[in-house]
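Q: coords please:
(2 chains)
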Amino acid sequence: MGVGFCGVLREDIGIGDVVIPVAAARDEDTTDHYVDKKVPAVADFELISKLIEVARRYKLKVHVGSIVTTSSPFSEDVEWVRKWSSYGVLAVKCETSVLYLLSYLNNIPVAAILTVSDNVVKKEMYWMKPEVEKAMVETYDKVIKVALDILTEIVYSEKHGLYR
Amino acid sequence: MNTKLTKLVGAAIIVVLLSLTVYGCYELLLNESEKPCTAKVKMHIIPVDEKGKEVRWNFCTAIHNFTEYWAKPHSEVVYLGTKRTVTLNVHRELLIGGRLLIHEYAIFLYNGTHSGGKLVRIEPREYRIELSIRIRVYRVSENSHSPLRKVVPPLLNSSSEPVKGYCYEELEEVVYTSELMPALQLHSIGGISVSVHFEIGNYLFYSQKYREADLPGEWGPWQTSGDKATKSNNKLTTGSISGGSKKWIYVNVDYRYERWFYGVDWVQWWREIVTPVSFGGYDWGESISCTYCEGTPTGFVQSYPRGTGMPIEMSLGPGISEIERSGISVSFEVSYGVVSLTVELWYEIERGEALYPPSILVNVDTWYADTLYVFDASTEWKVVHFTWSGGGSGGMVFRRGVFRVSDYWVRECISWFVRDLDLNRLGDFFIVGLGCGYSPFHKYLEDVVRVEGKARDIEVYTGYYEGVKVSAIATPGGMVHTEPVVILGGC
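A: Sure thing, here's the model as predicted:
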């Protein structure tokens, strides 16, 4: 289970919201060393379903969709942001496509839940407003609990033959 | 005229002073520029008795450099005197793969009544290294079969006063010999053939021995100064064994005998030192049996599914350092006759000066089952065992999956994340924070233990959340951390 932060590529997603990526575009080349670029980096469907369910239970503002992983966070210029934003990609996060694809190839169920720390389109960072930072930290704490709750639910479900 | 002379003398003095200053600056510059090439190793030498308690008597200290280099004829005395703290300049020689040459020094202590010796291994990673080296000293009468000479021990007259004992060491004789010595065990099971490969510069460890005499021919018992790195001097792949055969591999070890005449003031002794230097060439040793092969995999386990590319290469070591086999005989023909002694093989293998460690090469001739399990039974890959699937696993299985990297690197990666490569320290599930900070990551876990291994920038905590054992792994961001995280997930 990946837990972390991300920057969003859409104006309507706020700092402190949560992004649950079902897939990550591979704008990096680490995974190219393993498989052809046509192979998608996707999360485990059942883990994603549970993440959405538990995150909503914690009353988090959840956005589900695809994100992009880049190997160069310092080359994200306006054009790059505009391009990926126009594809409907929700957010950018540095490692998710590698985590997803390598886990998939190794038959390890994986999913990620990301707290929004900045809005790349609006050029806003969490530390610019104290109340935003506070909200983000609270969300991040809840996100860790969401991840842990899911693991206990998996164990419970496995015991009762409900999962896999 | 006088004014002219004064000016001339003044100019000459300025030139001399300037020259001295320039020379001083040059020296300083030279010292500074030399910094990366040498490390200052400060050794605090502490003689101790049988209870490990420091003894306060004065000793002559002789430090012999046993670091091997090409065509080195014998050890060199790099320090001889009565100081308890000795600083050596140790050359930082970069080896292929970024490792530094490991230096080995044998430190011998002696005064009129007691003596001791210890082999010390130093990898000069830092520019300044400080070591406390405790050396067990024995009464010479315990060592020697002869009574002590009736002389006043020159360095024993005072415990606190500085002693101006005249210490000396002179080399008398050097003799080389070569002996077939046990190196490691090679195991096989039905369906596979197995061989071993050494790179130039790989290390095996055999003991270095010394003994002393205060009268010619009156030698004390052999003492062990330590486990000496013995370097592979050629690239070597043995023949293979198969079909369940298990045997010792013997290698030809080059041994060096040195006899030193040494002493303090008017008291003199002889010291014989027997040092394993290098090895090359092999022979098959005796057959052995194994209770682990074809049983339940234990220790560190790797699984290989049907269709895995051949050969499978299993890197050996590095790991535990303890005596594996004793009583192996070495003989020299020296000027006064034959010297025979027994030495030990240590339970230790190192990649040493090579880029890769020694390895076991496995070829599957017939797939007896869908999966071949390869495991170390907690020998830290000193001995490699095999079993086909179906036996269950008592160890932690690493599923290789898409990772083509050698298992040596896999183990290295895992050692960053978990201490002592002990996968039992990890939970059944991982929560991974890539680049998201450390502090809050494990806050909801109970009975939390910090378990990460060698990495300085990774924190791993294992604890329980509602009864489920979970590891919270926090790493810096980037792909370079993501791949090993997934490798860890495969365990």
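
Q: Backbone dihedrals for A:Thr139, both of them.
A: With angles defined as degrees, to the nearest 10, A:Thr139 sits at phi -60, psi -40.

Q: and it, how many neighbours does it have?
A: 21 (other CB atoms under 10 Å in any protein chain shown). For every residue, glycine as well, the C-beta is placed using N, CA and C.

Q: now swap in B:Arg450 and tell me
A: The burial count for B:Arg450: 12, using other CB under 10 Å.

Q: Then B:Tyr203?
A: 25.

Q: mind listing what B:Ser278 touches?
A: Contacts for B:Ser278 (CB atoms under 8 Å, 6 or more residues apart in numbering or on different chains) come out as B:Glu68, B:Thr230, B:Lys231, B:Ser232, B:Asn233, B:Val253, B:Asp254.

Q: let's go with 10 Å and repeat that
A: B:68, B:178, B:200-201, B:203-204, B:229-234, B:251-256 (CB atoms under 10 Å, 6 or more residues apart in numbering or on different chains).

Q: next one: B:Met310
A: Contacts of B:Met310 (CB under 10 Å, 6+ apart): B:Ile192, B:Tyr304, B:Leu361, B:Val362, B:Asn363, B:Val364, B:Asp365.

Q: Please repeat the previous calculation with a cut-off of 6 Å.
A: Counting by CB atoms under 6 Å, 6 or more residues apart in numbering or on different chains, B:Met310 touches B:Asn363.

Q: Relative to B:Trp367, how far out is it?
A: The spacing between B:Met310 and B:Trp367, counted by CB to CB, to the nearest Å, is 11 Å.

Q: Quick one: low-confidence residue ranges for the stretch 351-491 of chain B.
A: Across the stretch 351-491 of chain B, the ranges flagged by pLDDT under 70 are B:390-400.

Q: just the strands in it please.
A: B:359-364, B:371-375, B:385-388, B:396-399, B:429-434, B:446-450, B:459-465, B:468-475 (DSSP state E, counting those that start in this stretch).

Q: before we move on, what about the stretch 51-200 of chain B?
A: According to DSSP E, counting those that start in this stretch, the strands that the stretch 51-200 of chain B contains are B:60-65, B:76-81, B:85-91, B:103-110, B:114-122, B:128-136, B:138-139, B:167-187, B:192-198.

Q: Likewise for chain A?
A: A:2-8, A:18-27, A:41-42, A:62-70, A:91-92, A:112-119, A:124-125 (DSSP state E).

Q: Now do the first one: which elements does it pack against?
A: This means strand A:2-8. strand A:91-92, strand A:112-119, strand B:429-434 (3 or more CB pairs under 6 Å, 6 or more residues apart in numbering or on different chains; DSSP states H and E).

Q: Mind listing the residues bridging to B:Val267?
A: Listed by DSSP bridges, the beta-bridge partners for B:Val267 are B:Val264.

Q: Residues of chain A that sit close to chain B?
A: A:1-5, A:30, A:34, A:94-95, A:98-99, A:102-103, A:105-106, A:108, A:145, A:147-148, A:151-152, A:155 (CB under 6 Å from any CB of the partner chain).

Q: just to revisit the earlier point, so which of the contacts of B:Ser278 are also by chain A?
A: Applying CB under 6 Å from any CB to the contacts of B:Ser278, none is adjacent to chain A.

Q: Mind checking which of those land in strands?
A: B:178, B:203-204, B:229-232, B:251-256.

Q: buried subset of those residues?
A: Among the ones in strands among the contacts of B:Ser278, those scoring as buried are B:Tyr203, B:Leu204, B:Ala229, B:Thr230, B:Lys231, B:Ser232, B:Val251, B:Asn252, B:Val253, B:Asp254, B:Tyr255, B:Arg256 (criterion: 16 or more other CB atoms under 10 Å in any protein chain shown).

Q: got those as CSV, with pLDDT columns?
A: As requested, those are exported to CSV (pLDDT from 0 to 100):
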residue, pLDDT
B:Tyr203, 95
B:Leu204, 96
B:Ala229, 95
B:Thr230, 96
B:Lys231, 95
B:Ser232, 96
B:Val251, 97
B:Asn252, 97
B:Val253, 97
B:Asp254, 96
B:Tyr255, 97
B:Arg256, 97
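
Q: before we move on, back to that, so which of the strands of chain A is the most surrounded?
A: Compared across the strands of chain A, strand A:91-92 shows the largest average neighbour count, a mean of 27 (mean count of other CB atoms under 10 Å in any protein chain shown).

Q: pretty sure B:Pro318 contacts B:Gly352?
A: No: counting by CB atoms under 6 Å, B:Gly352 is not a contact partner of B:Pro318; they are 9.3 Å apart.

Q: more neighbours, these two?
A: The residue with more neighbours, out of B:Pro318 and B:Gly352, is B:Gly352; 25 against 18, by other CB under 10 Å.

Q: Hmm, the more buried one is touching B:Gly201, no?
A: Yes: between B:Gly352 and B:Gly201 a contact is recorded at 5.0 Å, counting by CB under 6 Å.

Q: Common neighbours of these two, please.
A: In contact with both B:Gly352 and B:Gly201: no residue, using CB under 6 Å, 6+ apart.

Q: which residues sit in contact with B:Tyr465?
A: A:Leu148, B:Leu445.

Q: Which among the helices and strands packed on strand A:2-8 is found nearest to B:Thr475?
A: Nearest of the helices and strands packed on strand A:2-8 to B:Thr475, taken as CB to CB: strand B:429-434 at 5.7 Å.

Q: number of nearby residues for B:His44?
A: 12.

Q: Mind listing the residues bridging to it?
A: Beta-bridge partners of B:His44, as defined by DSSP bridges: B:Thr85, B:Ser132.

Q: Closest one of the buried ones among the ones in strands among the contacts of B:Ser278 to B:Ser132?
A: Distances from B:Ser132 to those, taken by CB to CB, are shortest for B:Ala229, at 21.6 Å.

Q: So in terms of bridging, what pairs with that closest one?
A: B:Phe205.

Q: Give me the distance between it and chain A.
A: 35 Å (CB to the nearest CB, to the nearest Å).

Q: any chance of the ones in strands among the contacts of B:Ser278 in CSV, plus distance to A:Gly14?
A: As requested, those are arranged in CSV below (distance: CB to CB, whole Å):
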residue, distance to A:Gly14
B:Ser178, 76
B:Tyr203, 59
B:Leu204, 63
B:Ala229, 61
B:Thr230, 65
B:Lys231, 63
B:Ser232, 62
B:Val251, 68
B:Asn252, 73
B:Val253, 70
B:Asp254, 72
B:Tyr255, 74
B:Arg256, 74
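
Q: Quick one: the helices in chain A, in order.
A: A:45-57, A:78-86, A:96-105, A:130-159 (DSSP state H).
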